[in-house]
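Peer 1: need coordinates for the following:
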Amino acid sequence: MTDKNYMIRVHDGLIRFSLTRFPLRHGFFARTGGRSAAPYASLNTAYATKDPDAPGNRELLFQAFGIDNQSVHILNPCHGDQIVFTDETRRQTNFRNVLIKTDAAFTRTPGTYFLVSTADCIPALFTDVSLSFAGVLHLGWRNLVADFTGKVITALQDHYDVRPDSLRVGIGPLIYPCCYVFKNPMQKEEPFWQPFLCYQGDGNYAIDLASAFKAQLMGRGILAENISETRLCTGCQNNVFFSCYKEGYVSGRFPTVVGLQPADYP
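Peer 2: Numbering: from 1, shown residues only. Below you'll find the model as predicted:
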């Protein structure tokens, strides 16, 4: 099954959405097919959770996606600005590492993967036109306003000597302004957010995380044609993806996986 922006495949009962125009092997996985009970039902893969089945769900995911014998770095994001570069001298098979309080991670080691779990925040994938590296970025409204995007792009230039106009970015499912509405949100006091707020009446504002992120990317020199997006809303499709906005903070987080393998890798 395909859409102009993404394709859908099933791996041992787990549903994977992948961008048609992002060239690395990756997936944004639906919330179904896991082992967790409510309020985490069912494929909750978040590292920091009281869900006892989350570790088993992660291993279930790795097996279904065929990366159980690959190196996987698991991000534990905190809406902060820590960036990790995990460039090993050689690929370590069946290696698991948790990157505590890390909101972005990158590698140039082939066969290395990243996992980040989200529910409304932006999961963004990064590489360049040469597929010389792979990485993932977690963004909420707080590190957006702090321009974590710009810090990441600068770090990529410094560490990998890549030009912004060579970068490729893939944006996964997140909450869009159709659902992300608050009464008198604190964002309305932030000058940064003014272009990305839409007044809905009666003190309510819709917040456009995706447009804010894309504006930051293009403002740093990334070409619009190198940005791809599922345009799947976690609020509209809460039956498919977890959403903190819809369910509350005590809920599951769905997995995003990306690795330094081409998209057509078996």
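
Peer 1: quick one: contacts for Gln237?
Peer 2: Residues in contact with Gln237 (C-beta atoms under 8 Å, 6 or more residues apart in numbering) are Pro173. C-beta here means a position set from N, CA and C on the backbone, and glycine is covered the same way.

Peer 1: tell me if I am right that it is in a strand.
Peer 2: No - counting by DSSP: H, G, I helix; E, B strand; the rest coil, Gln237 is not part of a strand but coil.

Peer 1: what helices or strands is the strand ranked longest in the chain leaning on?
Peer 2: Identified as the longest strand of the chain according to DSSP state E is strand 254-262. Contacts defined by 3 or more C-beta pairs under 8 Å, 6 or more residues apart in numbering; DSSP states H and E place strand 254-262 against strand 24-29, helix 54-65, strand 112-118, strand 122-128, strand 134-139.

Peer 1: got the contact list for Gln63?
Peer 2: If you count contacts by C-beta under 8 Å, 6+ apart, then Gln63 has Asp12 around it.

Peer 1: so what's the residue lying closest to Pro77 once chain neighbours are set aside up against?
Peer 2: If the residues on either side of it in the chain are set aside, Pro77 comes closest to His138, at 4.0 Å by C-beta to C-beta, 6 or more residues apart in numbering. For His138, the contact set (C-beta under 8 Å, 6+ apart) comprises 75, 77, 79, 103-104, 116, 118, 121-124.

Peer 1: for the record, mean pLDDT for the longest strand of the chain?
Peer 2: The average pLDDT for strand 254-262 rounds to 95.

Peer 1: tell me the strands beside it, with direction?
Peer 2: Applying DSSP bridges to the sheet, strand 254-262 is found paired with strand 24-29 (antiparallel), strand 112-118 (antiparallel).

Peer 1: still on that earlier bit, between the contacts of His138, which has the most around it?
Peer 2: Val116 (31 neighbours; other C-beta atoms under 10 Å).

Peer 1: hang on, it packs against Leu75?
Peer 2: Yes - the criterion here is C-beta atoms under 8 Å, and Val116 meets it with Leu75 at 4.3 Å.

Peer 1: overlap in contacts, the two.
Peer 2: With C-beta under 8 Å, 6+ apart, Val116 and Leu75 have common neighbours 136, 138.

Peer 1: would you state the strands of the stretch 51-200 of the chain in chain order?
Peer 2: Applying DSSP state E, counting those that start in this stretch to the stretch 51-200 of the chain gives strands spanning 71-76, 83-85, 96-100, 104-107, 112-118, 122-128, 134-139, 167-171, 181-183, 197-201.

Peer 1: returning to that earlier point: among the contacts of His138, show me the least confident.
Peer 2: Ranking the contacts of His138 by pLDDT, His79 lands last with 92.

Peer 1: how near is that one to Gly248?
Peer 2: 17 Å (C-beta to C-beta, to the nearest Å).

Peer 1: then Val169?
Peer 2: From Val169 to Gly248 the distance is 30 Å (C-beta to C-beta).

Peer 1: equivalent analysis for Ala41, please.
Peer 2: 14 Å.

Peer 1: got it, and Val181?
Peer 2: For Val181, the distance to Gly248 - C-beta to C-beta - is 16 Å.

Peer 1: equivalent analysis for Asp12, please.
Peer 2: Distance, Asp12 to Gly248, by C-beta to C-beta: 30 Å.

Peer 1: returning to that earlier point: neighbour-wise, which of Ala41 and Gly248 wins?
Peer 2: Shown here are Ala41 and Gly248; by other C-beta under 10 Å, Ala41 has more neighbours (17 against 9).
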